[in-house]
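Student: No sequence on hand, only this structure:
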């Protein structure tokens, strides 16, 4: 990953920051600018914690600065606390929200929300028990099944590249693809048939898949766009997924026979 130079800044005292915050909240743009510039080092130190997430550091720094600006706008000067005490959680939260909502793999809104609840439930549990909760304990706390917990946790993990280098063997690098590949699996990796089977669907069916799984719309929202009922959307979605499964299984069978020849 490419590194960027750490932002330079003129360090501010607590009294100077409180004065600048007061002026900024009163509409003084120059005070706001000085406050932001005086805390770029704080943002940068937080960005470093997310350096392994596969996102450009410049992007994370910009998102962190948004959290910093929100902190400046919302900081309550009536409390005698350091600005950083309030700003750090705000900045971290802004970055985490960006990583959750704009990750490389899009997941449904419900899974993102469940993952958010899992993180908070885990934090609360550790404060009391001084150890992380088990899967079943989390499921009981949130009132969901342990399968839902596992699904949400797996869905939010960063995807691994098939060409990621795992280790070297006698001077030759070994990738994830090398670990997974054999004579029968090489062809399926070279050809992913999902795009082709989607072309077999009618225009309305393609629209439903696009709205549901690419735009992450609810069935009700899709129904409004297509001018049909939510019940019809639900039935069509189930029918489409069943048909796609049949086509994918048939394609996999043909592929296996081709590889075995």
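Tutor: Happy to help now that I have it. Fair warning: this is a prediction, and the values are worked out from it, not measured in the lab.
Student: Could you verify my assumption that residue 46 touches residue 89?
Tutor: No: using Cβ atoms under 8 Å, residue 46 is not in contact with residue 89, being 9.9 Å away. Placement of C-beta: from N, CA and C, glycine included.
Student: So those two - more neighbours on which side?
Tutor: Counted by other Cβ atoms under 10 Å, residue 46 and residue 89 do not tie: residue 46 has more neighbours, with 20 against 12.
Student: Secondary structure class of the more buried one, three-state.
Tutor: Following DSSP: H, G, I helix; E, B strand; the rest coil, residue 46 is assigned to helix.
Student: likewise the one 3 residues further on?
Tutor: For residue 49, the assignment made with three-state DSSP gives helix.
Student: Could you pull up the residues touching it?
Tutor: residue 92 (Cβ atoms under 8 Å, 6 or more residues apart in numbering).
Student: Distance of it relative to residue 99?
Tutor: 11 Å (Cβ to Cβ, to the nearest Å).
Student: How about residue 17?
Tutor: Relative to residue 99, and taking Cβ to Cβ, residue 17 is found at 28 Å.
Student: low-scoring stretches of the stretch 101-250 of the chain, by residue?
Tutor: 101-109, 155-193 (pLDDT under 70).
Student: just the strands in it please.
Tutor: 165-169, 172-175 (DSSP state E, counting those that start in this stretch).
Student: follow-up on the earlier one: who has more neighbours out of residue 17 and residue 99?
Tutor: residue 17 (21 against 18).
Student: Give the closest residue to the more buried one in space, chain neighbours not counted.
Tutor: residue 83 (5.0 Å; Cβ to Cβ, 6 or more residues apart in numbering).
Student: now residue 133
Tutor: Nearest to residue 133 is residue 125, by Cβ to Cβ, 6+ apart, at 4.4 Å.
Student: what about that neighbour, how many residues close to it?
Tutor: 17.
Student: how about the residue nearest to residue 17, what does it touch?
Tutor: 14, 17, 18, 21, 39, 71, 75.
Student: Do I have it right that the third one meets residue 78?
Tutor: Pointing back at residue 18 there. No: here residue 18 does not reach residue 78: they are 10.8 Å apart, not a contact under Cβ under 8 Å.
Student: Looking at these two now, which is surrounded by more residues?
Tutor: Ranked by neighbour count (other Cβ under 10 Å), residue 18 and residue 78 place residue 18 first, with 16 against 5.
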